[in-house]
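K.L.:
Got a predicted structure here, sequence first:
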Amino acid sequence: DGDHLTFLQVYNAWVESKTTNKGWCSQHFVNARSMKKAADIRAQLARHCQQAKVALVSCGSEHTQVARCLVTAFYANAASLSPDGR
């Protein structure tokens, strides 16, 4: 997996812990402020999806769909190697 999928797994574990206290974050060496910010961003995206009438559907543990979305989103930022190595 990549960094983004690892971040997703950490976020899901944080949510499943049913606690937003700093104890879980300290125990798992995660920045509590970053987890709170991720939750805020997710809530904002959920509101936008609701306003646009887009259903929120989880992929569960099937991260292939998430990886495909990331690749599609970052495709325009991908660098290419020219034949001369530059």
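P.N.:
Received the coordinates, thanks.
K.L.:
which intervals of this structure have sub-threshold pLDDT?
P.N.:
Applying pLDDT under 70 to the chain picks out residues 1, 20, 85-86.
K.L.:
Looking at the chain, which helix is longest?
P.N.:
helix 32-51 (DSSP state H).
K.L.:
Run through who's touching it.
P.N.:
With C-beta atoms under 8 Å, 6 or more residues apart in numbering as the test, helix 32-51 has contacts from Phe7, Tyr11, Trp14, Val15, Thr20, Asn21, Lys22, Cys25, Ser26, Ala55, Leu56. Using the backbone N, CA and C atoms, a C-beta is placed for each residue, glycine as well.
K.L.:
Counting neighbours, what do you get for the last one?
P.N.:
Burial of Leu56, expressed as a neighbour count using other C-beta atoms under 10 Å, amounts to 9.
K.L.:
helix/strand/coil for it?
P.N.:
coil (DSSP: H, G, I helix; E, B strand; the rest coil).
K.L.:
Please give me every residue in contact with it.
P.N.:
Leu56 is in contact with Ala46, Cys49, Gln50, counting by C-beta under 8 Å, 6+ apart.
K.L.:
Check the first one too.
P.N.:
Counting by C-beta under 8 Å, 6+ apart, Phe7 makes contact with Ala38.
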